[in-house]
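# Need a 3D model of the following:
(chains A and B)
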Amino acid sequence: SQTIHQWPATLVQPVGSPLSLECTVEGTSNPNLYWYRQAAGRGLQLLFYSVGIGQISSEVPQNLSASRPQDRQFILSSKKLLLSDSGFYLCAWSEGQHGYTFGSGTRLTVV
Amino acid sequence: RKEVEQDPGPFNVPEGATVAFNCTYSNSASQSFFWYRQDCRKEPKLLMSVYSSGNEDGRFTAQLNRASQYISLLIRDSKLSDSATYLCVVKRGNFNKFYFGSGTKLNVKP
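Here you go, the predicted model:
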């Protein structure tokens, strides 16, 4: 069966520090992968999606970047965090016409 | 205009009540439709897909009206465990991009 792993679960980082969040999936090949952010009390915003290794599309301009170095690995990064980067970050994968499966998320607080 | 709009609630209902959530979407090219459930501080989980013919899963019934660009979710005989935020989701375009509403919060009270 397919599983998706995301870590860390919680992160507190100072403003200006770098960020790296990792997501890996198991049990599937060539999945579409996605990074979403959910700000406190808000809906999910699509940040990046990837349809294959090295293929990244950005939905909104921001202080973040994404990379897909391996088929089942998706990384979200920042060189210098801003206070506004705080939120709940969710990795997801999809297959065909079915809905998404989300990772358990990373709750990031920038202080 | 938001891609997907929902009443944020909260809906406060007693156990056993029937509750209905509504959602509208702005892009007529939207292709697939879903309801997700999100518990506090957890990831969203797929509740059910929504089809034009309407579909039912136990106490949950979903309806889609493509002409009105309107999606609904009906929960019958509410349980305490139904308390959560319900997210309306549409898929549009290539690459399975999903667009989420901001969610409707449901509180089921004893």
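# got the contact list for the residue nearest in space to the middle of chain A?
Nearest to the mean C-alpha position of chain A, by Cα atoms, centre = their mean, lies A:Trp35 at 3.3 Å. By Cβ atoms under 8 Å, 6 or more residues apart in numbering or on different chains, the contact list for A:Trp35 reads A:Cys23, A:Leu46, A:Leu47, A:Phe48, A:Tyr49, A:Ala66, A:Phe74, A:Leu76, A:Tyr89, A:Leu90, A:Cys91. Any C-beta I mention is one placed from the backbone N, CA and C, and that applies to glycine too.
# Spatially, what comes nearest to the residue in chain A that chain B sits nearest to if we skip its sequence neighbours?
Nearest residue of chain A to chain B: A:Gly43, at 3.5 Å (Cβ to the nearest Cβ). What sits nearest to A:Gly43 in space, not counting adjacent residues and going by Cβ to Cβ, 6 or more residues apart in numbering or on different chains, is B:Ser102, at 3.5 Å.
# Looks to me like the one you found is in a strand.
No - the assignment for B:Ser102, made by DSSP: H, G, I helix; E, B strand; the rest coil, is coil rather than a strand.
# how close does it sit to A:Thr101?
Relative to A:Thr101, B:Ser102 is positioned 21 Å away (Cβ to Cβ, to the nearest Å).
# hmm, back to that, report pLDDT for the residue nearest to A:Gly43.
With respect to pLDDT, B:Ser102 scores 92.
# At the contact with chain B, which residues of chain A appear?
A:32, A:34, A:36, A:42-44, A:46, A:49, A:51, A:57, A:59, A:88, A:90, A:94, A:96-105, A:107 (Cβ under 8 Å from any Cβ of the partner chain).
# list the contacts for residue 95?
Going with chain A. Contacts of A:Glu95 (Cβ under 8 Å, 6+ apart): A:Gln2, A:Thr28, A:Pro31, A:Asn32.
# not quite, I wanted chain B
A:Asn32, A:Tyr49, A:Val51, A:Ser57.
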